[in-house]
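Undergrad: how would this look folded up:
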Amino acid sequence: MRAATDGSCSQTLAVPRPARRPHGTKRRASLAKVLTGGQSGADRAATDAALACGIAYGGWVPRGGWAEDFPTPPGVLVAYPDFTESPSEDLAVRTVRNVDDADGLLVVWIAPGTSRGSDLALGRAVQLGKPLATIDVRSDEAGSQLEALLARLGPHCTLNIAGPRESEQPGIYAAARRFFEANLGLVR
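TA: Sure, this is the predicted structure:
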C-alpha cells in the first residue's frame, strides 16, 4: 500500500509500491518508527498520523498509561497497545526514555513557547548530541525542515516526536495531524 499521490496519508490507496524508483527521482528519507509519550495534542497527532501512514509507533508512557484525556489506568494503553508503560508515574521518566530510544527528536508547535516536557526532551537530546528540530507545523518551511532532519538521521530511523498537550496549545492536535499526514507519507 502507498499513500495517495499528493503524499497525504488521509486516504491510503490499495496500490502496490513500485519495485524500483523511476530513474532520476530523488530518494526520500525513510522513517521506520515514531516514538511519542502518548499525551493528547502533538504526541497523539504524530501517533495517529503514523498509524494512518502505515508507520510503526511506540514509546514510553507513564505507569498507568496516564494522559490528560485518559486519566485512569490503563489509560492510553487501551487505545494504543504498542506503547510501553514506564516503571514510574513521573512524566519526566517517559520523556527521557523516549529521547534515549530514538535516533533524533522533533518538537512541533503552533504558537511560540514550549512546554516543560518539550524543554526536557530538547535538553536531553542536546545532552546526548542527537539531531533535533523544532517546527511550527503551520510554517511554509515545515515540510522541508522535517525532510532535512530525517536526511540527517539516515535510512530507517526512529524519530521521537514531542510537543505541547492539547490543553497547553488548543488546536495543536488538528494542525499537527494535518502536517504529519501530509508529510509522513513522503518518508516511508
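
Undergrad: from Pro131, how far out is Val99?
TA: 12 Å (CB to CB, to the nearest Å). Every C-beta, even on glycine, is put in place using the N, C-alpha and C of the backbone.

Undergrad: touching both of those two, which residues are there?
TA: 105, 125 (CB atoms under 8 Å, 6 or more residues apart in numbering).

Undergrad: give me the more crowded residue out of the two.
TA: Taking neighbours as other CB atoms under 10 Å, Val99 and Pro131 compare with Val99 leading, 25 against 19.

Undergrad: ok, for Gln145, nearest residue in space, not its chain neighbours?
TA: Nearest residue to Gln145 in three dimensions, chain neighbours excluded: Ile135, at 5.0 Å (CB to CB, 6 or more residues apart in numbering).

Undergrad: ranking helices and strands of this protein by mean pLDDT, which lands last?
TA: Least confident helix or strand, the chain: strand 12-13 with a mean of 28, by mean pLDDT, DSSP states H and E.

Undergrad: average pLDDT across the helix or strand just after that one?
TA: Next along the chain after strand 12-13, taking DSSP states H and E as the criterion, comes strand 31-35. The pLDDT scores in strand 31-35 average 95.

Undergrad: what's the first helix or strand after strand 31-35?
TA: Downstream of strand 31-35, the next assigned helix or strand under DSSP H and E is helix 42-53.

Undergrad: buried residues, that following helix. List them.
TA: 42-50, 52-53 (16 or more other CB atoms under 10 Å).

Undergrad: circling back: can you verify the residue nearest to Gln145 is assigned to a strand?
TA: Yes - assignment of Ile135 by DSSP: H, G, I helix; E, B strand; the rest coil places it within a strand.

Undergrad: from here on, call the first residue 152.
TA: Okay, residue one is now 152; in that scheme the one you just asked about reads as Ile286.

Undergrad: identify the bridge partners of it.
TA: Val259 (DSSP bridges).

Undergrad: pull the contacting residues for the residue lying closest to Tyr324 once chain neighbours are set aside.
TA: Distance criterion CB to CB, 6+ apart; nearest residue to Tyr324, sequence neighbours excluded, is Ala196 at 4.8 Å. Counting by CB under 8 Å, 6+ apart, Ala196 touches 259, 323-328, 330-331.

Undergrad: now that we have these, which one has the most neighbours?
TA: Ala327 (30 neighbours).

Undergrad: excluding sequence neighbours, find me the nearest residue to Asp284.
TA: Careful, residue 284 is Ala and not Asp. Leu300 (4.4 Å).

Undergrad: hmm, Asp254 and the one you found touching each other?
TA: No - when contacts are counted by CB atoms under 8 Å, Leu300 is not listed as touching Asp254 (10.0 Å).
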